[in-house]
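Trainee: I'd like to go over a predicted model; first the sequence, then the structure.
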Amino acid sequence: MNDVPQNATEVLRRYAAGERRFEGCDFETDAKFDGAVLAGAIFDGSWFSDASFRGCDLRGASFFRCNVKCADFQGADLSDTSFREAAVEAADFEGAILDRTSFEGAGYYGVTLSDDMEFPYGPNKQRESEQAGSSNGG
């Protein structure tokens, strides 16, 4: 299929039918994927503002050059997932599994993590870690 899914329900239906490529989606508000299995899904170039991926299985998924502004990934399995060159702004990763997750070249601020977690930085680790430490104040 070449047409872009119009909502989360359509993505889930098409994923269940075997489709894995969902590039260019534009979900500006309230896309709910909570608890879904979307392992290996490719969302490259998509927009997920205020989307919820709570408890999702997103192992090996790709969010290359996506906007995941205010997205909720609490408790999601993001092992081997790529957020390369993505805009990761005010996203919540509390309790998420971030094993081998790539944020190389991503722009981010206001990221929420569990107290015992460190954000997996790309090449600008020092500069970004200083910004992350000061983002709780505003």
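Mentor: Thanks, I have it.
Trainee: what bridges to S62?
Mentor: Note on S62: beta-bridge partners I42, S82, judged by DSSP bridges.
Trainee: Contacts only, for it.
Mentor: By Cβ atoms under 8 Å, 6 or more residues apart in numbering, the contact list for S62 reads 41-44, 81-82, 84. Using the backbone N, CA and C atoms, a C-beta is placed for each residue, glycine as well.
Trainee: would a markdown table of the residues you listed with distance to R54, pLDDT and neighbour count be doable?
Mentor: As requested, those are exported to a markdown table (distance: Cβ to Cβ, whole Å; pLDDT from 0 to 100; neighbours: other Cβ atoms under 10 Å):
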| residue | distance to R54 | pLDDT | neighbour count |
| --- | --- | --- | --- |
| A41 | 16 | 98 | 24 |
| I42 | 21 | 98 | 18 |
| F43 | 16 | 97 | 27 |
| D44 | 22 | 97 | 18 |
| T81 | 15 | 96 | 26 |
| S82 | 20 | 96 | 21 |
| R84 | 23 | 93 | 16 |
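Trainee: Out of those residues, name the two that are farthest from one another.
Mentor: Across these, the longest distance by Cβ to Cβ is 15.1 Å; it joins A41 and R84.
Trainee: got any ranges where the protein has weak pLDDT?
Mentor: Residues of the chain meeting the criterion pLDDT under 70: 1-2, 112-138.
Trainee: quick one: which of the contacts of S62 is nearest to E94?
Mentor: Nearest to E94 among the contacts of S62, counting by Cβ to Cβ, is T81 at 16.1 Å.
Trainee: ok, that closest one - contacts?
Mentor: Contacts for T81 (Cβ under 8 Å, 6+ apart) come out as 58-63, 101-102.
Trainee: If you rank those residues by neighbours, which is first?
Mentor: The most crowded member of the contacts of T81, judged by other Cβ atoms under 10 Å, is F63 (30 neighbours).
Trainee: Contacts only, for the nearest residue to G107 once chain neighbours are set aside.
Mentor: Taking Cβ to Cβ, 6 or more residues apart in numbering, and ignoring the residues beside it in sequence, G107 has A87 as its nearest neighbour in space, at 5.3 Å. Taking Cβ under 8 Å, 6+ apart, we find A87 in contact with 66-69, 106-108.
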